[in-house]
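Peer 1: got a sequence here, can you model it:
(4 chains)
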Protein chains: 2
Amino acid sequence: MDRVEDCISFLVGKAAQQITKRARDKLAPHRVTPVQYAALKVLWERDGLSSADLGGRLMLDSATMTGVIDRLETASLIERRSDPEDRRVHRLFLTEQGKALQAPLDAAMDELNAEARTAAGGEMDALSRALRNLNDLSRWR
Amino acid sequence: MDRVEDCISFLVGKAAQQITKRARDKLAPHRVTPVQYAALKVLWERDGLSSADLGGRLMLDSATMTGVIDRLETASLIERRSDPEDRRVHRLFLTEQGKALQAPLDAAMDELNAEARTAAGGEMDALSRALRNLNDLSRWR
DNA sequence: CACAATTGACTTGTATACAAGATAATCGCA
DNA sequence: TGCGATTATCTTGTATACAAGTCAATTGTG
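Peer 2: I've put the predicted structure just below:
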């Protein structure tokens, strides 16, 4: 590989930065970050998950989850309630404010998806397939 | 978009995390991070760039560059020399140690590229094209 | 039942990433 | 030439990301 710009790791990393930056801009008016949006999106699907459940879905480790959850709780979008069955576990529940964000945030991110589809220029399906392959741990090594 | 896992921003972000993690593992024995490798790779091509030049190539802003350069300098892989022509500019030069890393680090990253090609499963060309499109600012909006 | 191993959440330390702002040096133009 | 605009770098503050380690609660096994 001659130039950095030809390394697949560089290409994927920079594409992620591009999209993340655009997501930040779309979400900023609602005072939510891209990762916080991802966490909320899982909770809109189903409430009451533990930090570990959520980290499993989002592929984030427990250290990162603690910070994300802290900020969502400080913003009053979710609340932690300790599980009476297993006192190690804190379950996460949406507040009314957290539920109210679903429609506007999904609309903002739908815009982003449409823009990305345009930017990708007709290669969106191949792109999705290739990325799902890269994210499939069993395909490595 | 129904699930987070179907958002293109999520797919790209997680693929970047996967590859970055693998790059970290490959580079860790040499005590270099993926971003530091990218910076060195540009300097192996041509020495004496400014922080702004390097940030332009790597698409990183000046705040991020300062930290990356600080750590490369602390590790004695590069050194800052102020430009006598323009005293605002610090030019970056490889040390002997920095030059000596080129062969082993490129070998490590060639391995990673090959593994990624396998993992991507025959969609590597479409993947590269789509990612270059996403990284082309003129294709957005 | 006792206790070693495991688990869930959190803490600490390091490294990107970027917005916003500070500062010093240089440039452009009247 | 003088001085406002621009530029290069660095600083500060916030938010991921992850390795490694702590601590309390729970589980599995003899």
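
Peer 1: hey, where'd the strands end up in chain A?
Peer 2: In chain A, the strands defined using DSSP state E lie at A:49-50, A:78-82, A:90-94.

Peer 1: for these, which one sits closest to B:Val89?
Peer 2: strand A:78-82 (47.4 Å; Cβ to Cβ). Yep, even glycine has a C-beta here, placed from its N, CA and C like the rest.

Peer 1: near A:Asn135, how many other residues are there?
Peer 2: 20 (other Cβ atoms under 10 Å in any protein chain shown).

Peer 1: from B:Leu54, how far off is the residue nearest the centre of chain A?
Peer 2: Centroid-nearest residue in chain A: A:Ala38, 3.0 Å away (criterion: Cα atoms, centre = their mean). To B:Leu54, A:Ala38 is 31 Å away according to Cβ to Cβ, to the nearest Å.

Peer 1: check what pLDDT the residue lying closest to the residue nearest to the centre of chain A once chain neighbours are set aside gets.
Peer 2: Nearest residue to A:Ala38, sequence neighbours excluded (Cβ to Cβ, 6 or more residues apart in numbering or on different chains): B:Val4, at 5.0 Å. Looking at B:Val4, its pLDDT is 96.

Peer 1: re the thing from before, I figured the residue nearest to the centre of chain A was touching B:Arg3, is that so?
Peer 2: No: counting by Cβ atoms under 8 Å, A:Ala38 does not reach B:Arg3; the two are 10.4 Å apart.

Peer 1: quick one on the thing from earlier: nearest to B:Leu27, of the strands of chain A?
Peer 2: strand A:49-50 (33.6 Å).

Peer 1: is any part of the closest one close to DNA strand C?
Peer 2: Yes: contact of strand A:49-50 with DNA strand C (Cβ under 7 Å from any atom of the strand) involves A:Ser50.

Peer 1: counting contacts, what elements does that strand pack onto?
Peer 2: strand A:90-94 (3 or more Cβ pairs under 8 Å, 6 or more residues apart in numbering or on different chains; DSSP states H and E).

Peer 1: show me what the strand it packs on is packed against.
Peer 2: Where contact means 3+ Cβ pairs under 8 Å, 6+ apart, strand A:90-94 is packed against helix A:34-45, strand A:49-50, helix A:51-58, strand A:78-82.

Peer 1: so which bits of chain A are right by DNA strand D?
Peer 2: So chain A meets DNA strand D at A:20, A:33-36, A:59-64, A:67-68, A:71, A:85-88 (Cβ under 7 Å from any atom of the strand).

Peer 1: could you dump the helices and strands packed on strand A:90-94 into a markdown table and include distance to B:Leu94 and mean pLDDT?
Peer 2: Shown next, in a markdown table, are these (distance: least, Cβ to Cβ, whole Å; pLDDT from 0 to 100):
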| stretch | distance to B:Leu94 | mean pLDDT |
| --- | --- | --- |
| helix A:34-45 | 36 | 98 |
| strand A:49-50 | 48 | 97 |
| helix A:51-58 | 39 | 97 |
| strand A:78-82 | 48 | 97 |
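
Peer 1: deepest-packed of the ones you listed, please.
Peer 2: helix A:34-45 (a mean of 21; mean count of other Cβ atoms under 10 Å in any protein chain shown).

Peer 1: ok, A:Ala63 - how many residues close by?
Peer 2: Using other Cβ under 10 Å: A:Ala63 sits among 8 other residues.

Peer 1: to clarify, my last question referred to A:Glu85.
Peer 2: Number of residues near A:Glu85 (other Cβ under 10 Å) recorded here: 7.

Peer 1: now swap in A:Ala120 and tell me
Peer 2: Neighbours of A:Ala120 using other Cβ under 10 Å come to 23.

Peer 1: and what of A:Asn133?
Peer 2: 21.

Peer 1: how about A:Glu45, what does it touch?
Peer 2: When contacts are counted by Cβ atoms under 8 Å, 6 or more residues apart in numbering or on different chains, A:Glu45 touches B:Arg3.

Peer 1: return the residues in contact with the closest residue to A:Ser128 other than its chain neighbours.
Peer 2: Once flanking residues are discounted, A:Ser128 sits nearest to B:Leu11: 6.3 Å by Cβ to Cβ, 6+ apart. Counting by Cβ under 8 Å, 6+ apart, B:Leu11 touches A:128, A:131-132, A:135, B:5.

Peer 1: who wins for most neighbours among those residues?
Peer 2: A:Leu131 (26 neighbours).
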